[in-house]
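Visitor: What would the 3D arrangement of this be:
(2 chains)
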Amino acid sequence: GDSVTQMEGPVTLSEEAFLTINCTYTATGYPSLFWYVQYPGEGLQLLLKATKADDKGSNKGFEATYRKETTSFHLEKGSVQVSDSAVYFCALSPFASGSRLTFGEGTQLTVNP
Amino acid sequence: GAVVSQHPSWVICKSGTSVKIECRSLDFQATTMFWYRQFPKQSLMLMATSNEGSKATYEQGVEKDKFLINHASLTLSTLTVTSAHPEDSSFYICSGPPAGRVQETQYFGPGTRLLVL
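Guide: Sure, this is the predicted structure:
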């Protein structure tokens, strides 16, 4: 079946540091890929998505590129802020953005001033 | 973005009792809602898919008689944990796409934390 593997956390960075959170997946066909963010006490929010190979999703300074050859969708940000502290989930859907999701384990990010 | 609420946000109950969790889409209609369970430091696992006006679809290994799901209206889906036991203690999260916009996005509730003593 489908699966998503994220780098283990937690990750602690200083403000303005570069962020990479690795995500790899296993799926049949051509899934859509997502990054969700969960701030304390809130529901998961879509951060960015890519629906086909070589697509780059971007939002709020975060980027991720759909790499079919390496089955990866790594999340990057050039300069993190304290407000980026949250839990980040990589996910895939075999169908559409509003369909069932398979999630990675989640990565807790803490950014210190 | 659209809002999904869950009630209660926190519940503590005794072993053997039943607990109902409500998931409401406040500003959109949803013909489908997904119910996930998240154990500490683990990923979200899909439990079931509720469909308005019809029976829910359960994932393999999820007991349908224990986790009763009802989707009685386009804005409300409920999950009832029957005869709860300590191993049912978890974080339950619902999500759903706005009707007619499955290709676009879905919205998540803030979750309900259940502790069974």
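
Visitor: Find the nearest non-adjacent residue to the residue of chain B found nearest chain A, please.
Guide: At 2.6 Å from chain A, residue B:97 is the closest residue in chain B, using C-beta to the nearest C-beta. To be clear about C-beta, it is placed using only N, CA and C from the backbone, and glycine gets the same treatment. Spatial nearest neighbour of residue B:97, chain neighbours left out: residue A:98 (2.6 Å); criterion: C-beta to C-beta, 6 or more residues apart in numbering or on different chains.

Visitor: That neighbour: helix or strand, and which one exactly?
Guide: Per DSSP states H and E, residue A:98 falls between elements, in no helix or strand.

Visitor: sorry, back to before: pLDDT at the residue of chain B closest to chain A, what is it?
Guide: Among the per-residue scores, residue B:97 shows a pLDDT of 90.

Visitor: cool, residue B:1 as well?
Guide: 66.

Visitor: In stretch A:103-113, which residues are buried?
Guide: Residues A:103-107, A:109, A:111 are the ones in stretch A:103-113 that count as buried (16 or more other C-beta atoms under 10 Å in any protein chain shown).

Visitor: what about the residue minimising distance to the centre of chain B, which helix or strand?
Guide: By C-alpha atoms, centre = their mean, chain B has its centre lying nearest to residue B:35, at 3.7 Å. Assigned by DSSP H and E, residue B:35 belongs to strand B:32-38.

Visitor: Name the strands paired with that strand and say parallel or antiparallel.
Guide: Strand B:32-38 has its sheet partners listed here by DSSP bridges as strand B:44-51 (antiparallel), strand B:90-96 (antiparallel).

Visitor: Let me have the ones you listed in CSV, extended by distance to residue A:83.
Guide: Listed next are the strands paired with strand B:32-38 as CSV, based on distance: least, C-beta to C-beta, whole Å:
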stretch, distance to residue A:83
strand B:44-51, 23
strand B:90-96, 23
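
Visitor: hey, which of those is tucked in deepest?
Guide: Highest mean neighbour count of the strands paired with strand B:32-38: strand B:90-96, a mean of 24 (counted as mean count of other C-beta atoms under 10 Å in any protein chain shown).

Visitor: strand partners of the helix or strand that comes right after it, parallel vs antiparallel please.
Guide: Next along the chain after strand B:90-96, taking DSSP H and E as the criterion, comes strand B:107-108. If you go by DSSP bridges, strand B:107-108 pairs up with strand B:90-96 (antiparallel).

Visitor: Show residues contacting the partner strand.
Guide: A:43-44, A:98, A:101, B:4, B:6, B:21, B:23, B:25, B:30, B:32-39, B:44, B:77, B:79, B:106-114 (C-beta atoms under 8 Å, 6 or more residues apart in numbering or on different chains).

Visitor: which parts of chain A sit against chain B?
Guide: Applying C-beta under 8 Å from any C-beta of the partner chain, we find that chain A lies next to chain B at A:4, A:36, A:41-46, A:89, A:95-106.

Visitor: From those residues, list the buried ones, please.
Guide: Buried subset of the residues of chain A next to chain B (neighbour count, 16+ other C-beta under 10 Å): A:4, A:36, A:43-44, A:46, A:89, A:96-106.

Visitor: okay, residue 5: pLDDT?
Guide: Let's take chain A. 95.

Visitor: Chain B, not that one
Guide: Looking at residue B:5, its pLDDT is 94.
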